[in-house]
Every structure is written in structure tokens, then in C-alpha cells.
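Colleague: Have a look at this prediction, sequence included:
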Amino acid sequence: MPTDSPLPFVQTLEALDALLPSKLRNPSVGIVCGSGLSGLVESFKEVEIIPYDKLPGFAKSTVPGHKSALAFGLLGGVPAVAMLGRFHAYEGHPFPTIVYPIRVMARLGVKNIIITNASGSLNPSIPVGTILVVHDHLALPNLTGMNPLLGPLISPNHPRFLPLSDAYSPALRRLVFLASHQLALPRDALAEGTYAWVSGPTYETPAEGRFLRKAGADVVGMSTVPEVLAARQEGLNVMVMSLVTNFVVIPDTYRSIRDEVEAELAGKAIELPQVEVVSHEEVLAVGREKADVMKKLVERVVELIPFEL
């Protein structure tokens, strides 16, 4: 890593050394907790919570359902670190800040990272409550000038042109389904699919949802892909689990205001359709409902990760 890097890695690592007991300083597994999923930390033993404001280079998460702290502890006997709250571009954070915690995890010794998020379903066969194991992503911001890796390399050891055809580790994804079997979860509790990253903070219009569906995406969300890119650039094995918390509103047809006006002028009775909208409260509610399943899955996956993976 260049000594002239504008990112304060040295100061961050020194702060962590001063705040953590020696047995927790070198986690092998990293976890990113999405909206409403910070309860995963309840599975940690000997946990140490370090607020972001104590760590140079870290911002503050401003989104409801996200805390602003790192949690260190033992998960299934394995040293682990979890982000309790992530950073998003729509909050105004620059991309180096958004992915900074991932790069810090890599410098702490993390080799495998489990990223969770909440998403909206674009696929009618993937209902609310499903946990989607991501096998690919569609990232319109990456293709249109918002790629998180734009700019100077953080380290001369990083690839300038990062391949992403292998972004999502088959070995880690396999462990999710083994864990699901061991936990006796029903087969339809999990699915596999493609995650679409959009910048947010607006939820998709019906036309946008229809476009993403036709482009091959199964779910859509406002996070995760920047973290995946940074993790892969750092050489980490990546696995993403996306909890479906709502259906994207994609009606088959549009309401015709012209027809309604003409019917009204003709003296005909009009039954107005109910307007469907998505709310963040809905997202958090499903997150709370499924938090225990996600927590058990992540814990079991960590226990199953072979040391050499």
C-alpha cells in the first residue's frame, strides 16, 4: 500500500489495536449487516462494540435500521467482525468512504466476507421473506460513471481492471445451502438469483422495475455492489444473502385517467384502483421477522468455512 494513500489505514488499525483485546484483533470472517439485520451480532461471543466515530476514516450511517459501529467477537468459535450499518452513495458519502470498512477488514486479516442486504423482488416467483443467495449482479451505476473503483489505485497490488465473472464464491454459496439443510429450513426459504444495484434513494418506478426485470435481475437494492467490488479488489471471497422485504410495484397495465374522465362525463360509476407504494417501514418489519433465520444461517456458514478457503 502506498505510504501517500489519502485513506488513514494506519491510524484506523492503531485505534483498533488500542480498543480490542488481542484475541479479537485478527478476524478471519467479515460480515456486513443490512437494513434491520444488525441483530446478527447477538450470535457473537465475547463481543466488543466500537462506534464508527472512534475510528479514523469511518463515516456515520444515517439510515433507519442501521447502527454505526463495528462488532468484534467469536462467531461459532471463529474470530469475526461485523459492520452494524453500512454507508450508501445516496447519503452523500464518497465511494472511498463507502468501501473503506471493507478495505480495513482485509487489512485486519479477513479472508471471507458475508454481505447481507434487504431488497425488493422483481421476480414474481421470489416472494417476500425469501433469502436470495446472489450469484451475479447488474449494476447500472457501474456502467454509467458511478463505478466505486474509479480513480487512483489504493495499492499497487490491486488489479486495475478487475474481473467480476467470478465475484460470488461458489464455495461460500454452497455452504449456505448446506447450512440451510442442517437447520432444516424449507426448500423455498432460499433462492438463487441476480441482484440489481441502483443508486437510490427513490424506490423504482413501474417502468424502471419492468426494465430491470427484463434485463435479467431478480431483486433490486441500493447497496452491496460497491462493497463486493472493493472486497474482490482486496482478494476476499464474497458471499451475498439478500432478504426480500417487498415486491417492486410493477402493474401489468397503467391506470387510464382518460378512460376515467370519459366514464365520469358519461355518468358511469368509477371504481378507483388502490395505489400501491413501498415504504422503508415495510422493509424493516420483514427484516425483524426474518432476523433470527438470517442470524442462524450466517452463524452456521461461518462454522462451516474451512480454514484454508
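Modeller: Okay, I see it.

Colleague: Which residues outside stretch 182-194 are in contact with it?
Modeller: Contacts of stretch 182-194 with the rest of the structure, by CB atoms under 8 Å, 6 or more residues apart in numbering, involve 123, 126, 130-138, 173, 176-177, 180, 216-219, 293, 296-297, 300. From N, CA and C alone the C-beta is placed, and that goes for glycine too.

Colleague: Same question for stretch 227-234.
Modeller: Contacts to stretch 227-234, defined as CB under 8 Å, 6+ apart, come from residues 32, 86, 98-99, 102-103, 106, 113, 115, 137, 142, 147-149, 154, 158-159, 162, 164, 167-168, 238, 240.

Colleague: So residue 173 is in contact with residue 136, correct?
Modeller: No - at 11.1 Å, residue 173 and residue 136 do not qualify as touching, with contact defined as CB atoms under 8 Å.

Colleague: about what we covered before: just the buried subset of the contacts of stretch 227-234, written out for ChimeraX, thanks.
Modeller: Taking 16 or more other CB atoms under 10 Å as the burial criterion, the selection of buried members of the contacts of stretch 227-234 in ChimeraX is written as:
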select :32,86,98,99,102,103,106,113,115,137,142,147,148,149,154,158,167,168,238,240
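
Colleague: Mind checking which of the contacts of stretch 227-234 are in helices?
Modeller: Of the positions in the contacts of stretch 227-234, 98, 102-103, 106, 142 sit in helices, assigned by DSSP state H.

Colleague: Among the residues you listed, give me the pair with the biggest separation.
Modeller: Between any two of those, the greatest separation by CB to CB is 20.5 Å, found for 106 and 142.

Colleague: What's the mean pLDDT across the longest helix along the chain?
Modeller: Across the chain, the helix with the greatest residue count (assigned by DSSP H) is helix 280-304. Along helix 280-304, the predicted local confidence has a mean pLDDT of 83.

Colleague: Can you mark which positions in it are buried?
Modeller: Residues of helix 280-304 classed as buried: 280, 283-284, 286-287, 290-291, 293-302, 304 (neighbour count, 16+ other CB under 10 Å).

Colleague: just stretch 181-198 next, same as before
Modeller: Across stretch 181-198, burial judged by 16+ other CB under 10 Å covers 185, 190-191, 193-198.

Colleague: Can you list the low-confidence ranges for the stretch 201-309 of the chain?
Modeller: 283, 307-309 (pLDDT under 70).

Colleague: which residues of the chain fall in helices?
Modeller: 9-19, 95-98, 100-108, 140-143, 170-182, 206-214, 225-233, 257-265, 280-304.

Colleague: Now distance to residue 51 too, for those helices, in a markdown table please.
Modeller: Listed next are those as a markdown table, based on distance: least, CB to CB, whole Å:
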| stretch | distance to residue 51 |
| --- | --- |
| helix 9-19 | 10 |
| helix 95-98 | 16 |
| helix 100-108 | 13 |
| helix 140-143 | 29 |
| helix 170-182 | 29 |
| helix 206-214 | 36 |
| helix 225-233 | 20 |
| helix 257-265 | 51 |
| helix 280-304 | 21 |
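
Colleague: Among the contacts of stretch 227-234, which are located in strands?
Modeller: Members of the contacts of stretch 227-234 lying in strands (criterion: DSSP state E): 32, 113, 115, 137, 238, 240.

Colleague: nearest to residue 276, of the residues you listed?
Modeller: residue 137 (26.0 Å).

Colleague: show me the contacts for residue 49.
Modeller: If a contact means CB under 8 Å, 6+ apart, then residue 49 has 41, 69-71, 84 as its contacts.

Colleague: So which of these are in strands?
Modeller: Those of the contacts of residue 49 mapping onto strands are 69-71, 84, per DSSP E.

Colleague: would a markdown table of the residues you listed with pLDDT, distance to residue 55 and neighbour count be doable?
Modeller: Formatted as a markdown table, the entries for these read as follows, by pLDDT from 0 to 100; distance: CB to CB, whole Å; neighbours: other CB atoms under 10 Å:
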| residue | pLDDT | distance to residue 55 | neighbour count |
| --- | --- | --- | --- |
| 69 | 93 | 9 | 21 |
| 70 | 95 | 7 | 28 |
| 71 | 95 | 13 | 23 |
| 84 | 92 | 13 | 23 |
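
Colleague: which among the residues you listed gets closest to residue 50?
Modeller: For these, the minimum distance to residue 50 (CB to CB) is 4.9 Å, reached by residue 70.

Colleague: any idea how far the closest one lies from residue 113?
Modeller: Going from residue 70 to residue 113 by CB to CB, to the nearest Å gives 13 Å.

Colleague: Same check on residue 186?
Modeller: As defined by CB to CB, residue 186 lies at a distance of 27 Å from residue 113.

Colleague: ok, now residue 143?
Modeller: Between residue 143 and residue 113 the computed distance is 24 Å (CB to CB).

Colleague: now do residue 49
Modeller: The gap separating residue 49 from residue 113 is 19 Å, by CB to CB.
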